[in-house]
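1. Give me the fold of what follows.
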Amino acid sequence: MPIVRCRLEGGEGAASTIRYVPLVEFELWRHFMETRHGRAVTVETVSVWVPENAWLREAGYAVEELEPVLRVHLDLVGPHGVPVPVERFLPAETYPEARDALLAHFQRRRLWRGMTATPGYVVPARARSGEKTVA
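-> Numbering: from 1, shown residues only. Here you go, the predicted model:
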């Protein structure tokens, strides 16, 4: 899964400003953050997210090269009760807080159901093939 690691300016604490956004959604997400919320977005790198499994170790990646990130899947209750799938990527180190913040958007009206979290890693571009980080 191609993913953008970026920093959302104006948040509290450095760890809370890191965001992982699927590349296919990134420009729309950036537009929304900058125009609706008035927050600047700085791209740090474009990379890939992979589910946790043994091939990462076998491929020779050092643990310190990988960023632990969970892929969260939940279904929003859409029009006429039809489930609308949503995926978000949350840093493992701040997962409980990030999960609670995500769900707070939907808690008031119980507009979500069935959440799962899949452990995985963002493999930085420099770790994949010696490429330079995209800024």
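
2. Can you pull up the most central residue in the chain?
-> Most central in the chain under CA atoms, centre = their mean is residue 89, positioned 2.5 Å from the mean C-alpha point.

3. Give the bridge partners for it, please.
-> Residue 89 has the following beta-bridge partners by DSSP bridges: residue 20, residue 71.

4. next one: residue 5
-> residue 20, residue 45.

5. I'd like to know how far it sits from residue 99.
-> Distance, residue 5 to residue 99, by CB to CB, to the nearest Å: 19 Å. (Each C-beta comes from the backbone N, C-alpha and C, glycine too.)

6. These two: who's more crowded?
-> residue 5 (23 against 17; other CB atoms under 10 Å).

7. The residue nearest to the centre of the chain against residue 68, yeah?
-> No: counting by CB atoms under 8 Å, residue 89 sits too far from residue 68 to count as a contact (10.9 Å).

8. Give me the contact list for stretch 89-108.
-> Stretch 89-108 has contacts (CB atoms under 8 Å, 6 or more residues apart in numbering) with 3, 15-16, 18, 20-22, 49, 67-72, 76, 88, 112, 115, 117, 119, 122.

9. same thing but at 7 Å, please
-> Contacts to stretch 89-108, defined as CB atoms under 7 Å, 6 or more residues apart in numbering, come from residues 3, 15-16, 18, 20, 49, 68-72, 76, 88, 112.
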